[in-house]
Each structure stands twice: as C-alpha cells, then as structure tokens.
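Participant: compute the structure for the input listed below.
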Amino acid sequence: MKSYVLRTEGLTKKYKKVDALSNVSIALEPGKIYGLIGQNGAGKTTLMRLIAGISYATSGTIELFGHVGADGADAADAAIESGAITGTKIDDLSGEKALMAERKRIGCMIEYPSIHGNMTAKDNLKFHRIMKGIPNAEIEMELLERVGLADTGRKKAKDFSLGMKQRLGIAVSLLGSPEILILDEPINGLDPIGVVEVRKLLLRLCEERQITILISSHNLPELYQTATDYIIIHKGEIKKTLTLKELEDNCKRHLLISTDEPEKLVGVLEMALGTSNFIVLPNKSVKLFDFLDEKERISRVLFENGIMVTNLLYEGESLEDYFVSIVGGEGHV
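Facilitator: Purely as a prediction, here's the structure:
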C-alpha cells in the first residue's frame with residue numbers, strides 16, 4: 001500500500017467570483033520530485049500557498065503526514081485564533097490544529113527568496129534560524145556548504161547572482177530539516193550555469209535526504225531533467241498527472257498501428273520482424289518503437305501475414321507539444 005506525505009481532495013480557492021483553483025486533488029509520495037507544470041496564472045502559486053498555510057482554501061481538504069485539516073478558510077481562522085501550535089503534541093491535536101503543526105515539517109520558497117540584501121548568507125540563515133526558534137547554530141554552515149555558499153564570507157546577498165540568491169533561498173527553506181520542500185519557479189530567470197546548480201542541488205537533496213520536493217515551472221525541458229513525476233495544471237484545474245516514464249512513452253517517436261486483430265499483430269511483430277520493442281495500448285493499438293524509417297516495409301510484412309491495418313501513423317511529440325495537447329491547443333501556449 002502506497003504511503004503519502006501530502007494529499008489534497010477537492011481543493012478550491014475562490015477570489016470573489018473567480019476560481020483560482022477548482023477541485024484540485026493530488027497525492028505526493030515520499031522521496032520524489034514532483035514538477036508542477038503550468039503557464040503563468042495557471043494556479044501553481046495558489047496551490048503552493050494553500051499547502052504551506054500562507055493562504056486558506058474556500059473548500060476541500062489537505063492531508064499532511066496522515067493528518068487532515070478542516071475545510072475552508074473559516075475553520076482555519078478559528079484554528080489560528082485558538083493558538084494551534086503552542087507546544088502541544090500532535091497526538092493531542094485534531095483537524096486544522098494538527099495540520100498546522102505538521103506544516104512545521106514543510107520548507108518553502110514561494111514567489112521570492114526570503115532573504116535580506118544587506119546581510120551576508122550566514123547572517124541571513126542566522127536571522128531565519130532564530131525566527132524559527134532553532135537552537136543549533138552549527139546548522140548555518142552545514143546548509144551553506146550543502147547549497148555551495150560556504151565561501152561567500154562577508155559578501156552581502158544583494159551582490160549575489162540570481163542563482164546564488166535562489167540557492168540561499170533554498171538554504172533558508174531547509175532550516176528545520178523539512179520532509180517536504182515547496183519551491184515556486186526556482187529556476188525562473190537563471191542563466192544556464194545557475195539552472196544546473198539548482199538542478200544538482202535538488203537531485204542531491206532528494207537522493208541523500210529523501211525529501212519530497214514540489215517544484216513549479218513552465219520550463220518543461222528543464223523539469224524533464226529534474227522531476228520524477230509531473231502534475232499539469234491549467235486554469236486552476238489538474239489536467240494530468242504522470243510519471244517520468246509515462247511522459248517519455250507519450251513523447252517518444254513511434255509508429256502507431258491499429259488493426260482488428262491486435263493479438264495476431266503482436267505475433268507478427270515478434271516472429272516476422274523479431275522485435276519486442278513495442279507496447280499495446282488499452283484500445284489495442286500498438287506503439288512500435290523500432291523500424292521508424294521503414295514504414296513501407298512494416299506495411300508490406302503485415303499485409304503478407306494477412307493483417308488488415310486500419311491505421312499506420314508516425315507519432316511522437318516534443319515536451320512542449322505534449323503540454324499543449326493536454327491543456328487544449330495552441331491558443332494556450
């Protein structure tokens with residue numbers, strides 16, 4: 001049975017009469033990197049703010065580490081007024097109070113890195129460590145070393161490159177050893193070197209510390225090199241969730257073959273053509289990944305073996321084309 005660190009069910013956020021999010025249901029497993037993909041205004045930041053507790057849903061539920069919060073903003077406001085997380089044990093809490101306590105296990109960098117330009121990297125970490133009530137001062141240098149900023153010395157953050165600022169923001173979000181890391185567009189605006197630096201850092205955090213990472217972006221090719229799973233959001237709705245393998249299978253170039261005799265087709269591919277590099281789809285069509293430049297040969301071999309082909313097409317999309325096909329056409333690019 002799968003375990004989840006985060007689940008949402010029917011999450012909706014309304015601003016006046018506009019739905020920023022509509023009936024969003026997702027599930028995140030531990031130790032994976034989830035790419036939240038969508039164009040600007042799709043609802044990525046709104047969803048992250050709800051999960052982190054910066055904003056509250058109009059309706060729906062959020063479950064963190066097995067604790068489910070009450071629906072809607074009214075219940076959340078009541079929990080805040082009651083002083084939900086003043087040293088009470090999780091087991092003694094329920095509903096929204098328990099959810100707020102579990103949010104201590106989340107680190108986030110949403111919209112902009114939370115850093116002070118006139119402070120050094122170390123002073124920034126010290127400031128946030130004290131604000132969070134974390135007593136261990138040694139963690140400051142540990143985190144700076146982890147994100148590659150240990151040698152910045154007295155250099156102020158305002159003089160950092162954008163990539164350095166992003167890495168410092170990630171270091172701040174790692175205070176308290178979070179088990180979920182939420183990063184909103186951390187590679188946006190970075191030069192190629194900065195992008196590589198952040199990517200390597202995220203992969204290392206996931207591999208070494210088994211942190212679950214939710215990272216938003218509209219840069220599909222970059223996320224393709226980072227994420228293990230993908231969540232496509234458009235106009236506040238989840239359009240598709242899929243694994244890296246499923247994404248690769250959907251975008252991989254292939255010959256799509258359809259026939260009224262799919263079982264016989266599979267036999268011919270294996271015996272007459274000597275290939276098993278294909279998959280059978282639920283509708284019984286076959287994706288063939290070999291012989292892409294030999295369409296006429298495939299057609300002839302199938303005909304000679306008595307197979308009536310009803311469809312034989314080249315298929316396969318770029319990552320961008322696939323995204324466009326999911327969200328509904330070129331007008332959404």
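
Participant: ramachandran coordinates for Leu149?
Facilitator: The phi/psi pair for Leu149 (degrees, to the nearest 10) reads phi -120, psi 20.

Participant: contacting residues for it?
Facilitator: Residues near Leu149 by Cβ atoms under 8 Å, 6 or more residues apart in numbering: Ala121, Met164, Arg167, Leu168, Ala171. Bear in mind the C-beta positions are built from the backbone N, C-alpha and C, glycine included.

Participant: quick check: it vs Lys165, distance?
Facilitator: Distance, Leu149 to Lys165, by Cβ to Cβ, to the nearest Å: 10 Å.

Participant: picking that back up, quick check: the two most widely separated of the contacts of Leu149?
Facilitator: Met164 and Ala171 (10.4 Å; Cβ to Cβ).

Participant: who has more neighbours out of the two?
Facilitator: Neighbours were tallied for Met164 and for Ala171 using other Cβ atoms under 10 Å; the higher tally belongs to Ala171 (28 against 21).

Participant: could you list the low-confidence segments of the stretch 1-150 of the chain?
Facilitator: Applying pLDDT under 70 to the stretch 1-150 of the chain picks out residues 1, 70-95.

Participant: now do the SS call for the residue nearest to Tyr314 when sequence neighbours are not counted.
Facilitator: Closest residue in space to Tyr314, ignoring its immediate chain neighbours: Leu255 at 6.3 Å, by Cβ to Cβ, 6 or more residues apart in numbering. Assigned with DSSP: H, G, I helix; E, B strand; the rest coil, Leu255 falls in the strand class.

Participant: mind checking how far Leu255 is from Phe278?
Facilitator: Applying Cβ to Cβ, the value for Leu255 to Phe278 is 9 Å.

Participant: next: Ser325.
Facilitator: Separation of Ser325 from Phe278 (Cβ to Cβ): 22 Å.

Participant: one more: Asn40?
Facilitator: In terms of Cβ to Cβ, Asn40 sits 39 Å off from Phe278.

Participant: tell me which of these two has more neighbours.
Facilitator: For Asn40 and Phe278, the more surrounded residue by other Cβ under 10 Å is Phe278, and the numbers stand at 18 against 9.

Participant: before we move on, back to that, which neighbours do Leu255 and Phe278 share?
Facilitator: Common neighbours of Leu255 and Phe278 (criterion: Cβ under 8 Å, 6+ apart): Lys287, Leu288.

Participant: tell me the backbone dihedrals of Ile170, please.
Facilitator: Backbone torsions for Ile170, taken as degrees, to the nearest 10, come to phi -70, psi -40.

Participant: which stretches in the chain count as strands?
Facilitator: For the chain, strands defined by DSSP state E occupy the ranges 6-15, 18-28, 33-37, 59-64, 67-68, 106-109, 180-184, 212-217, 229-234, 237-243, 254-259, 278-280, 286-288, 309-315.
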